[in-house]
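K.L.:
Provided below for reference: sequence and predicted model.
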Amino acid sequence: MTQRREFLKFLAASPLLTSYETFAQEVEETLGQRLTDPSEVINVFEMEAVAREKIPPAHFGYLSTGVDGDLTLRANRAGFSRFQIKPRRLVDVSQPDLSVNVLGTQAGSPIFICPVGSHGGFNAEAEIGVARAAAAKNHHMTLSTQSSTPIEAVADARGAPIWFQLYPTDRWENTVAMLQRAEAAGCTAVCLTIDLPAGRNTETQSILMREDMRTCSNCHTGQPKPIFEGLNMQGVGLNDPSLTWDVIGRIKEVTDMNVFIKGVEVGIDASLAVENGADGIWVSNHGARATETGRGTIECLPEIVNAINGRIPVIIDSGFRRGTDIYKALAMGASAVGIGRPYIWGLGAFGQAGVERVLDLLNRELLITMQGSGTPTITSIGPDYVLDAGHRVPRGRLGRELL
Ligand SMILES: Cc1cc2nc3c(=O)[nH]c(=O)nc-3n(C[C@H](O)[C@H](O)[C@H](O)COP(=O)(O)O)c2cc1C
């Protein structure tokens, strides 16, 4: 016992160990500059490191920020530690199949591309690059109200029906016009985002903006190309703090698209969404950009799945970075899992090729998890394959994350 203690003391004082830690830190800090081809990137955290080098600090701040002290941001990652995978053995997993069908939307993978505003701020290929990557890898895509590319061009580049994310404007005739334009562009669902009724306090964004020495007005000249060309949005706000659940019925009166409610975090709201006619639930805390000191969405999922009880599909996003994260949500009852920042890291790092690499990496990790757990198809992944430990399991630094 004494010998072991002496040995540990020796290790702690060893210059070898100290220099290894310094070395590891240096490797981490310079990683983003050294990875020059998408194929060299081995996980989404490395893609983030590359993107950090290439995206202007102010834009990276917009991308990475949570709200206030970013506690929900950390909760989104830490929440996964509460759930452990329970693999089964000696199942024939020689013919794996990742494909899904959510309300008639077919995709080759349950990993859905979340609506993220202004792709043009991360790479000139913008939404077109993302749509082409989604098409190449057969992933489903939802386009943000704040897209920097017209919806018709994005739908065309994707080559399959996309969904439209709607911010509830404070002028109903504009909302109706947007819905009609989206439907005419071939969208088969509208995802109404309900988690930002008012403003938000994005401190990390403000801090990173201080690092950016450029003059914003040099680049931000004129009006960006809006998602709906020709639609007059002058003076129209994208938040309507007066909205209540009857908005679902009002939307359904003016469109035949399926209506998903994005931003649900509690079971009672999921029930209210169903009662008011929603076709799908999208569990999300906006990538921790809405409420501060919330739960990780994976921790919200059980009560929502319970409330829905199979009546309508449940999609989830916020903090998904690993195939195992995605697997856990599928096992707990999600029909598909959205990613936001990870594919934008790919876009910012390498354009379309970077988005494709992110999709490949996550699909590969999910595939390995599925085969390793004895579940060759998405529908074979059920509640028996995941355990809720009932509390988060502290893991210090979260895996290989840079958080
Ligand atoms: C930079 C950024 C912009 C976003 N813009 C929108 C948006 O316009 N509409 C929306 O519904 N959600 C938006 N989101 C939220 C995403 O749709 C999604 O819920 C979130 O990014 C998922 O979390 P993740 O980034 O941790 O994967 C945005 C997220 C980020 C990071």
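P.N.:
Thanks, I have the structure now. Residues are numbered from 1 along each chain as shown.
K.L.:
Which residues outside the top strand by length along the chain are in contact with it?
P.N.:
Counting residues, the longest strand found in the chain (DSSP state E) is strand 258-264. Strand 258-264 has contacts (CB atoms under 8 Å, 6 or more residues apart in numbering) with 103, 163, 165, 188-196, 248, 251-252, 270, 273, 277-286, 290, 304, 315. C-beta: built from backbone N, CA, C; applies to glycine.
K.L.:
Sort out for me which of those are in helices.
P.N.:
Counting by DSSP state H, those place 248, 251-252, 270, 273, 304 in helices.
K.L.:
pLDDT and neighbour count for those - can I get that in CSV?
P.N.:
Shown next, in CSV, are these (pLDDT from 0 to 100; neighbours: other CB atoms under 10 Å):
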residue, pLDDT, neighbour count
Ile248, 98, 21
Ile251, 98, 20
Lys252, 98, 17
Ala270, 98, 26
Ala273, 98, 26
Ile304, 98, 25
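K.L.:
now those residues as TSV including distance to Ser64?
P.N.:
Converted to TSV, these look like this (distance: CB to CB, whole Å):
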residue	distance to Ser64
Ile248	32
Ile251	32
Lys252	36
Ala270	29
Ala273	30
Ile304	27
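K.L.:
ok, so of those residues, who is nearest Ser109?
P.N.:
Distance to Ser109, by CB to CB, is smallest for Ile304 among these, at 22.2 Å.
K.L.:
Quick one: residues contacting that closest one.
P.N.:
Applying CB under 8 Å, 6+ apart, the residues near Ile304 are 264-267, 270, 281, 283, 314.
K.L.:
can you check Arg88 too?
P.N.:
Applying CB under 8 Å, 6+ apart, the residues contacting Arg88 are 373-375, 385.
K.L.:
Next to the ligand, which bits of the stretch 201-350 of the chain? Give me the list.
P.N.:
Within the stretch 201-350 of the chain, the positions lying close to the ligand (CB under 6 Å from any ligand atom) are 262, 284, 286-287, 289, 317-320, 338-341.
K.L.:
neighbours around Val254, how many?
P.N.:
Look at Val254: counted by other CB atoms under 10 Å, it has 14 neighbours.
K.L.:
isn't it right up against Gln180?
P.N.:
Yes. With contact defined as CB atoms under 8 Å, Val254 reaches Gln180; the gap is 7.2 Å.
K.L.:
pLDDT at Phe10, what is it?
P.N.:
At Phe10 the predicted local confidence, pLDDT, stands at 63.
K.L.:
same thing with Gly235?
P.N.:
pLDDT, Gly235: 89.
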